[in-house]
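Asks: make a model of this:
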Amino acid sequence: MTDEKDQQKAADGLGVIGPKYQQQPLVTDLSMDSRSLVRPSAEEMGEDASSLTDQELQKLLKKGSRYAEQGDWEKAVPNLIAAWEAMPNDISLLTLIAHGLSCLGVREYAVSVLERALRFHEPNEEICSIMLSLALDMGMFEIAVKVGLILVTMAPTKSNYYVNLATAYTGAKMLDESIDMLQNILPMFPDDPELWNVLATQVRERDGVDAADVFFEESLRLDPENYKTTSNYAMSFTRRNQHDRALELILKSSKVEPNSPEPQIGAAVIYFLQGKMDLAWKAYEFRLSSRRKISQTQVYTHGLPVWNGEDLAGKTLFVTAEQGIGDEVMFGNYLPYLYDRADKLVIGCQHRLESLYKRRFPNAFVDFCADRILQGYRYRTFPNVENAINDGRLSVDFAITVGSAPKFEWTSAEKIQYHPDGFLQADPERQAHFAKTFSAISNKPKVGLAWRSGVVTGERLGMYATIDELGPLMAFADKVDFINLQYGDCTSELAAIKEKYGVTVHDIEGVDLMQDIEANVAMMANCAVVVSSCSAPGMFALSTGRPTILMSSVKPWWCFGDKSTIQFAKNATYVDGGTKIEWPDIMARVATNLEKQLSI
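Replies: Modelled structure (predicted):
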């Protein structure tokens with residue numbers, strides 16, 4: 001019979017441990033039988049599963065079901081799979097296994113089991129429920145909405161299906177439809193904390209932080225220990241810069257569900273804000289969990305050993321891209337140190353950064369990343385690097401994601417320093433081109449301006465300045481020229497600035513700021529100061545070493561405990577809203593900083 005050791009062996013065989021699973025090479029042979037993918041062999045189980053007695057089968061089912069009820073899928077799944085041999089087409093067992101594999105983050109195996117169930121059975125409530133969960137995990141939100149609507153028709157009295165349908169609506173950018181649905185069905189389930197929680201998160205995204213409080217409070221009144229609600233509600237206090245209250249909720253949430261990635265990542269943000277770097281780095285590793293949504297993480301295909309801070313003398317290190325381009329550049333500020341220390345540095349980056357990195361690190365092997373979505377995972381490969389490894393032209397000792405690379409040295413705020421030679425450097429020809437373009441405007445100092453992120457939902461509205469709040473900056477228009485660094489379509493906003501203040505924020509014709517990062521850097525090199533929100537343009541600016549003033553209602557977590565400066569940048573300060581979060585005060589302080597920077 002199976003014991004705890006055998007169960008762990010089976011779980012390891014399934015690859016269900018997030019970080020361990022992420023280091024596996026990409027599986028490309030999808031033609032093998034689905035049962036061979038997920039069912040441990042008799043040898044792995046420590047018994048001849050095909051000759052199970054009824055008593056043994058019932059014991060496996062009982063143990064698997066008990067662990068499943070406890071939510072301990074790492075122990076439940078091996079027992080259930082052992083029982084599968086004797087019940088290969090049992091619909092209840094198949095759907096339970098698929099659900100367990102999905103919860104463990106092993107989505108492609110869950111799909112294989114689900115496909116088997118559909119070969120022998122018509123879609124029913126259980127199958128549709130798992131299909132909905134998998135569609136959500138895979139980011140297939142339009143399909144999830146369709147399946148969810150079918151499911152609530154099949155079982156209109158089960159509130160959890162409405163929760164998942166609401167989540168699908170959110171992913172499909174249908175907040176109004178979701179909120180309307182929740183308001184209509186809540187009278188049927190007034191005591192369901194999950195419904196109040198999902199309503200709160202959606203109201204916050206659409207209408208802002210304050211509007212959601214009453215719904216979070218109702219969810220916690222009904223279930224004070226609900227880890228999802230406490231984790232989600234914590235974000236509201238983080239947005240308000242009330243970090244102690246946010247951390248209190250996050251720790252409460254992670255105590256209830258210690259293996260859930262999101263509370264751990266929330267804790268990492270607070271620890272970074274407080275400068276508690278050791279705690280922050282440990283919790284931040286949960287961002288790499290394969291249990292997160294497809295849009296939040298990736299599985300690397302290189303299969304290389306992870307760098308754990310070993311001496312890099314005589315070694316080749318591969319640093320891989322992750323997260324958004326702003327995060328990639330932010331942590332990239334540590335790359336110059338690795339370039340100095342490693343015998344050979346290999347850098348994987350987004351294609352928009354490739355030319356910048358090749359110029360800054362001429363002896364490094366720089367390659368772009370390519371993503372492929374397969375069975376609910378984002379597989380990230382670096383074609384040229386991996387081809388060079390496979391054909392023997394390149395030997396790599398270690399690999400690490402760029403967001404983890406500084407953790408062995410950035411162990412306290414005092415140890416975080418900018419590299420004396422800087423990081424991003426402009427192409428001399430393009431810098432000269434924009435110098436000529438700017439001089440044609442006037443001989444006044446140039447101030448680059450980006451006032452918001454490219455993504456501004458209701459939840460994030462208060463984090464960024466509106467056009468109406470830019471007045472203190474526009475007051476300098478007679479002394480400086482403003483250069484537009486706001487990426488995306490901002491034509492109407494530029495027109496609004498002109499109409500309200502009579503000020504032209506110069507939008508350089510023919511430049512795609514979203515795609516052309518070289519242009520961003522070359523333009524910033526010609527600015528006396530850059531004033532930006534805490535978004536990608538701001539990160540580009542501070543990474544060039546240009547004087548940069550960042551503005552946000554919320555303190556940036558990557559201040560790493562410092563009250564006003566960004567330690568990894570040469571000349572960057574930030575202004576946040578404190579606990580009051582009043583934009584007129586923020587902008588007045590930004591204007592004062594700008595005046596000091598320019599001595600005007």
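Asks: rounded mean pLDDT for stretch 582-600, please.
Replies: On average, the pLDDT along stretch 582-600 is 93.
Asks: all the helices of the stretch 251-400 of the chain, in order from the start?
Replies: In the stretch 251-400 of the chain, the segments counted as helices under DSSP state H, counting those that start in this stretch are 261-274, 277-284, 325-332, 335-341, 354-360, 383-390.
Asks: of all the ones you listed, which one comes closest to residue 466?
Replies: Go through those one by one with C-beta to C-beta and the one that ends up closest to residue 466 is helix 325-332, at 21.1 Å. In short, each C-beta sits where N, CA and C put it, glycine included.
Asks: quick one: contacts for residue 193?
Replies: Contact criterion C-beta atoms under 8 Å, 6 or more residues apart in numbering gives 218-220, 222-223, 226, 229 as the residues in contact with residue 193.
Asks: give me the low-pLDDT residue ranges for this structure?
Replies: 1-51, 105, 107-108, 294-295, 375-376, 454-462 (pLDDT under 70).
Asks: do you know which of the helices of the stretch 251-400 of the chain lies nearest residue 539?
Replies: Distance to residue 539, taken as C-beta to C-beta, is lowest for helix 325-332 among these, at 4.5 Å.
Asks: elements contacting that closest one?
Replies: Contact partners of helix 325-332 among helices and strands, from 3 or more C-beta pairs under 8 Å, 6 or more residues apart in numbering; DSSP states H and E: helix 536-544.
Asks: measure how the helix it packs on sits relative to helix 325-332, angle-wise.
Replies: Interaxial angle of helix 536-544 relative to helix 325-332 (axes from the mean of the first three to the mean of the last three C-alpha atoms, to 10 degrees): 20 degrees.
Asks: re earlier: mind putting the contacts of residue 193 in CSV, neighbour count, distance to residue 494 and secondary structure included?
Replies: Supplementary listing: those in CSV, determined by neighbours: other C-beta atoms under 10 Å; distance: C-beta to C-beta, whole Å; DSSP: H, G, I helix; E, B strand; the rest coil:
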residue, neighbour count, distance to residue 494, secondary structure
218, 19, 42, helix
219, 26, 42, helix
220, 19, 44, helix
222, 17, 48, helix
223, 17, 48, coil
226, 21, 45, coil
229, 27, 41, helix
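Asks: re earlier: residue 502 is nearest to which of the helices of the stretch 251-400 of the chain?
Replies: Taking C-beta to C-beta as the measure, the helices of the stretch 251-400 of the chain were each checked against residue 502, and helix 325-332 came out nearest at 32.1 Å.
Asks: mind saving the C-alpha coords of the closest one as CSV?
Replies: As requested, C-alpha coordinates have been extracted for helix 325-332 and formatted as CSV (Å, rounded to 0.1, in the frame of the first residue of the first chain):
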residue,chain,number,x,y,z
ILE,A,325,9.2,45.5,-19.8
GLY,A,326,9.3,48.0,-16.9
ASP,A,327,10.2,45.3,-14.4
GLU,A,328,12.7,43.8,-16.8
VAL,A,329,14.5,47.2,-17.1
MET,A,330,14.2,47.9,-13.4
PHE,A,331,16.0,44.7,-12.4
GLY,A,332,18.3,45.1,-15.4
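Asks: tell me how far that helix lies from the chain's centre.
Replies: Put simply, helix 325-332 sits 12 Å off its chain's centre (C-alpha atoms, centre = their mean, to the nearest Å).
Asks: tell me where the stretch 451-600 of the chain has strands.
Replies: If you assign secondary structure with DSSP state E, counting those that start in this stretch, the strands in the stretch 451-600 of the chain sit at 481-484, 505-506, 529-533, 548-551, 572-575.
Asks: before we move on, back to that, among the contacts of residue 193, which pair sits farthest apart?
Replies: Using C-beta to C-beta, the pair of the contacts of residue 193 lying farthest apart is 218 and 226, separated by 11.2 Å.
Asks: now the strands of the stretch 451-600 of the chain in CSV, with distance to residue 52 and mean neighbour count?
Replies: What follows is the strands of the stretch 451-600 of the chain, written out as CSV (distance: least, C-beta to C-beta, whole Å; neighbours: other C-beta atoms under 10 Å):
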stretch, distance to residue 52, mean neighbour count
strand 481-484, 70, 22
strand 505-506, 73, 20
strand 529-533, 61, 25
strand 548-551, 63, 26
strand 572-575, 63, 23
